[in-house]
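**Q** Coordinates for the following, if possible.
(one chain, ligands or ions: 1)
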Amino acid sequence: MNRTRIKICGLTREADVDAAVQAGADAIGLVLYDKSPRAVTVARAVELARRLPPFVTPVGLFVNAEAADIEAALQAIPTLTLQFHGDESPEDCERWNRPYLRAARMAPGFDLLDFAHRFSSAQAVLLDAFVDGYGGGGKVFDWSLLPPSVPSPVVLSGGLSAANVIDGVLKVRPWAVDVSSGVEVAKGLKDADKIRHFCDAVRQADQQGSSGH
Ligand SMILES: O=C(O)c1ccccc1N[C@@H]1O[C@H](COP(=O)(O)O)[C@@H](O)[C@H]1O
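**A** Down below sits the predicted model:
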């Protein structure tokens, strides 16, 4: 059976990290972008990342960050995977020699195949809806915009929740899914039940997908 990986993003509290781990998340996202309502400092990100058990990946989300800020985060959390969610070029992403995800802001007319070729060094291309403020808007994009295949692993995000993630996994067949707004009670404050329902729904989709339903 295929196992769709799960990233829970925008965590700001220890209890939410524990809930994500408990529910079976493969990665947690720490928003190192000070204009986000979910932003954490590097010092806070260190405290949160320390709670992770082995094999759960901390991901640092950046939007057009200064090199010194990325450097500081990598020094403080050497296991950090990078997520670039702004206007970063391939060179901006590659210079760290670290695994990275590159967010694509999906909208009609956006050439995802060209984007994936430009960022072919990314571990995965993360698909988010085009929103003001770069991301985390809780908005679903039109999945029918996607080409039949993409030459990189795909992380599906943008307005996912327990209510629509089964459909998303079965239609898009992504390597992983990523959620922030859909498991929140308020921006940056997650809900343990919503996280659990989300992860359970992904597992249900995996089962349905393997049994051909
Ligand atoms: O979470 C944020 O505040 C944020 C800010 C700037 C760029 C990206 C951000 N979050 C990422 O956006 C996608 C979709 O989130 P949502 O589930 O629709 O709320 C996800 O990858 C978040 O990590």
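**Q** For the ligand, see how far away the nearest residue to residue 14 once chain neighbours are set aside is.
**A** In this structure, residue 14 finds its nearest non-sequential neighbour in residue 51, 5.9 Å apart by CB to CB, 6 or more residues apart in numbering. Every residue, glycine included, has its C-beta placed from N, CA and C. Remark: distance between residue 51 and the ligand (CB to the nearest ligand atom, to the nearest Å) = 19 Å.
**Q** how much space between the residue nearest the centre of the chain and the ligand?
**A** In the chain, the C-alpha nearest the mean C-alpha coordinate belongs to residue 178, at 4.0 Å (CA atoms, centre = their mean). Going from residue 178 to the ligand by CB to the nearest ligand atom gives 4 Å.
**Q** From what I see, that residue and residue 154 are in contact.
**A** No: counting by CB atoms under 8 Å, residue 154 is not a contact partner of residue 178; they are 10.5 Å apart.
**Q** Find residues that contact each of these two.
**A** Counting by CB atoms under 8 Å, 6 or more residues apart in numbering, the contacts common to residue 178 and residue 154 are residue 126.
**Q** Would you mind listing what in this structure touches the ligand?
**A** 9-10, 29, 31, 33, 36, 38, 61, 63, 85, 126, 128, 134-138, 157-160, 178-182 (CB under 6 Å from any ligand atom).
**Q** 5 Å instead, please
**A** 9-10, 29, 36, 38, 85, 128, 134-136, 138, 157-159, 178-181 (CB under 5 Å from any ligand atom).
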